[in-house]
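# Provided below for reference: sequence and predicted model.
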Amino acid sequence: MVDVESEGGVTRIFLNRPEKVNALDSAHLEALLLALRRLERNPEMRVVLLGGRGTAFCGGADVKEISRLTASNAAGFVQKIHAVCEAIRELPVPVIARLHGAVIGAGLELAAACDLRIAAEGTRFSMPEVRIGIPSVVEAALLPRLMGSGRAAWLVLTGQAIDAQRALEWGLVEQIGSDAAVDALIHSLMNNDREALRMQKQLLQLWEEAPLATSIAKSIDLFEQSQR
């Protein structure tokens with residue numbers, strides 16, 4: 001259900017359930033979480049790419065599993081989505097999302113948890129949960145940070161899809177491009193200092209949540225560490 005390929009400091013992880021548009025059920029989420037946890041112990045890792053096999057990156061949470069959720073098990077299922085997104089964010093190296101086809105619901109949350117996003121032409125993005133009677137939750141909370149509150153509200157309140165060009169204009173993705181663009185980005189990251197990149201990722205995440213004074217103090221500390 002999850003393919004992992006590592007070579008020369010670059011690890012590529014692919015959702016591999018193409019017959020279900022890489023929809024995320026519990027088994028798939030658990031396999032993905034295990035793959036991510038194993039990566040944390042890889043000292044050679046410098047860049048991670050997250051993509052999807054087949055015609056789409058990810059069609060969201062598996063509709064069959066969603067249909068079986070009740071008040072007693074719903075929190076457990078979304079906690080699995082959160083655990084995967086949290087594991088992506090906790091990786092100490094840059095994580096690139098390679099997006100194509102459909103990027104829906106929980107799939108968009110996975111993409112939002114990555115550090116950088118490149119979308120192929122024709123990619124469509126949506127958060128359609130309100131259309132089936134549930135709110136968008138867990139890492140949907142990252143969307144206002146990426147896009148601004150109004151644009152995030154448009155996505156989660158209307159449930160309508162946007163195309164790659166609008167996603168770029170709204171700040172949801174950083175680039176529209178082919179595999180060549182992804183390779184160029186990987187090459188650029190690999191040319192940077194490994195430890196400086198790890199420190200910079202740590203600071204980027206701190207800047208999202210911490211007060212300014214805390215962020216500045218931590219940045220001074222890491223700058224001093226970089227000179228040792």
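Here it is on my side, so go on. Please read these numbers as outputs of a predicted model, since none were measured by experiment. Residues are numbered from 1 along each chain as shown.

# stretch 207-220: how far from the chain's middle?
23 Å (C-alpha atoms, centre = their mean, to the nearest Å).

# that stretch: which residues count as buried?
In terms of neighbour count (16 or more other C-beta atoms under 10 Å), stretch 207-220 has its buried residues at Ser215, Lys218, Ser219. No exception for glycine: its C-beta is placed from N, CA and C like everyone else's.

# how near is the last one to Ala61?
It refers to Ser219. Distance, Ser219 to Ala61, by C-beta to C-beta, to the nearest Å: 37 Å.

# near the nearest residue to Gly105 once chain neighbours are set aside, how many other residues are there?
Distances taken as C-beta to C-beta, 6 or more residues apart in numbering place Gly60 nearest to Gly105, at 3.1 Å, with adjacent residues excluded. Using other C-beta atoms under 10 Å, Gly60 has 25 other residues around it.

# local confidence estimate at Gly60?
On pLDDT, Gly60 comes in at 97.

# can you pull the contacts of it?
Contacts here follow C-beta atoms under 8 Å, 6 or more residues apart in numbering; on that basis Gly60 touches Ala23, Leu24, Ile104, Gly105, Ala106, Gly107, Leu108, Pro128.

# show me the contacts for the closest residue to the last one other than its chain neighbours.
To tie it back to what came earlier, the one meant is Pro128. Closest residue to Pro128 apart from its sequence neighbours, by C-beta to C-beta, 6+ apart: Gly159 at 4.2 Å. When contacts are counted by C-beta under 8 Å, 6+ apart, Gly159 touches Ser126, Met127, Pro128, Glu129, Val130, Arg131.

# for Gly105, see how far away Gly159 is.
10 Å.

# if I look at those two, which residues touch both of them?
Both Gly159 and Gly105 are contacted by Ser126, Met127, Pro128, Glu129, under the criterion C-beta under 8 Å, 6+ apart.

# quick check, nearest of the residues you listed to Glu139?
Lowest distance from Glu139 to those (C-beta to C-beta) belongs to Met127, with 11.0 Å.

# give me the pLDDT for the closest one.
98.

# for burial, what's the neighbour tally of it?
Other residues near Met127 number 28, with proximity taken as other C-beta under 10 Å.

# pLDDT below threshold where in this protein?
Across the chain, nothing is flagged by pLDDT under 70.

# now do the domain split for it, please.
Domain segmentation of the chain under automatic domain parsing yields 2-186, 193-226.

# and Gly54, how close does it get to Arg38?
Counting by C-beta to C-beta, the gap from Gly54 to Arg38 is 24 Å.

# more neighbours: those two, which one.
Neighbours per residue, other C-beta under 10 Å: of Gly54 and Arg38, the larger number sits with Gly54, 17 against 11.
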